[in-house]
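# Here you go, sequence then predicted model.
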Amino acid sequence: MRKLIMILLLAVSAVATAQEVICHRGYWDTEGSAQNSLRSLVKADSIGAWGSEFDVWMTADGVLVVNHDATFEGVTIETSKWKQLKNMHLKNGELLPTLEQMLECGKLLKTRLIVEMKPHTNREHELEAARKIVKMVKRMGLEDRVEYITFSYQGMKNLKELAPDGTPVYYLNGELPPSQLNELGVAGIDYSIRVMREHPQWIDEAHELGMKVNVWTVNSDRDMQWCINYGVDFITTNDPERLQQLLKNE
Ligand code: MG
């Protein structure tokens, strides 16, 4: 009897832990794409990825720009004007996209939009960026399609406060156990595979608190399988099709 209950419990937990694929900086490692491009968002959607992540900075004159690094071709985004950046091209030939363009594109798709607000050097500027991002998402009618992630502790608190109740906000920096973040009402942890391998107990801890776990950037079969076996909720990867294949084999 006890064995039967255990089997049932395992079956229930297996059902409860549907695992989702998030494309890291979009699905960029494929023909015609580039990191953080509009095309990478479309490609992520085209393979049915649950979500597609991209990075956001704000220029000195308040334009929200999608790019990973603080600089683009030597121009520091947060201290430059948009006119210094707007004619620059990504590796696939697209113009450097704004957040507005990314959201407009995302609006036509199904994949969830995982918006990473980058930690700006100037904290006031970062607060303004958070305000503008949340406002733009609202204006475009995308509040139920967007999740926020950030390395900035203050930024996480700001996004939590500014976004509508229930909007998922995740913390990326990796130094805090889920219990400390739970007090702030964030949705969960979104930590690197290195951090999670050092603290695998944080997965159960988060789940027991009703929080989710996302892990990045999971690219090798070995790391993907580790996340799958540990019941990680969201796996952020540069190789989404490989991850989909492994999940299908489960
Ligand atoms: Mg990112």
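Arrived safely. Residues are numbered from 1 along each chain as shown.

# Every contact and neighbour count from this point should use C-alpha atoms.
OK.

# Surely Thr217 and Thr237 touch.
Yes - under the criterion of C-alpha atoms under 8 Å, Thr217 lies in contact with Thr237, with a separation of 5.0 Å.

# and Val218, how many neighbours does it have?
Neighbouring residues of Val218 were enumerated by other C-alpha atoms under 10 Å; the total is 23.

# mind checking the SS state of it?
What DSSP: H, G, I helix; E, B strand; the rest coil gives for Val218 is coil.

# Touching, it and Ile235? I think so.
Yes - with contact taken as C-alpha under 8 Å, Val218 and Ile235 are classed as touching, separated by 6.7 Å.

# Now for the two: what residues contact both?
Residues within reach of Val218 and of Ile235 at once, by C-alpha atoms under 8 Å, 6 or more residues apart in numbering, are Met224.

# hmm, back to that, now the common contact residues for Thr217 and Thr237.
Jointly contacting Thr217 and Thr237 under the rule C-alpha under 8 Å, 6+ apart are His24.

# Those two - which one has more neighbours?
Thr237 (25 against 20).

# Who is the more buried one paired with across the strands?
Counting by DSSP bridges, Thr237 is bridged to Cys23.

# Check the gap between it and Gly51 for me.
Using C-alpha to C-alpha, to the nearest Å, one obtains 11 Å as the distance from Thr237 to Gly51.

# what sits in contact with each of these two?
Where contact means C-alpha under 8 Å, 6+ apart, the residues bridging Thr237 and Gly51 through contact with each are Val21, Ile22, Cys23.

# What residues does the first one make contact with?
This means Val21. For Val21, the set of contacting residues under the criterion of C-alpha under 8 Å, 6+ apart consists of Ala49, Trp50, Gly51, Phe234, Ile235, Thr236, Thr237, Pro240, Leu243, Gln244.

# Let's see which of these end up in helices.
Secondary structure defined by DSSP state H assigns Pro240, Leu243, Gln244 of these to helices.

# Of all the helices and strands in this protein, which has the lowest average confidence?
The least trusted helix or strand in the chain, going by mean pLDDT, DSSP states H and E, turns out to be helix 2-16, with a mean of 53.

# ok, back up a step: for the ones in helices among the contacts of Val21, give me CSV that also has distance to Trp202 and neighbour count.
What follows is those, written out as CSV (distance: C-alpha to C-alpha, whole Å; neighbours: other C-alpha atoms under 10 Å):
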residue, distance to Trp202, neighbour count
Pro240, 24, 25
Leu243, 22, 24
Gln244, 24, 16
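
# Partner strands of the helix or strand hosting Ile189 and their direction?
Using DSSP states H and E, the element containing Ile189 is strand 188-192. On the basis of DSSP bridges, the sheet neighbours of strand 188-192 come out as strand 169-171 (parallel), strand 212-216 (parallel).

# now, among the contacts of Val21, which is nearest to Glu73?
The shortest gap between Glu73 and any of the contacts of Val21 belongs to Thr237, at 24.9 Å (C-alpha to C-alpha).

# Assign a three-state SS to Gly210, would you?
Using three-state DSSP, the secondary structure recorded for Gly210 is coil.
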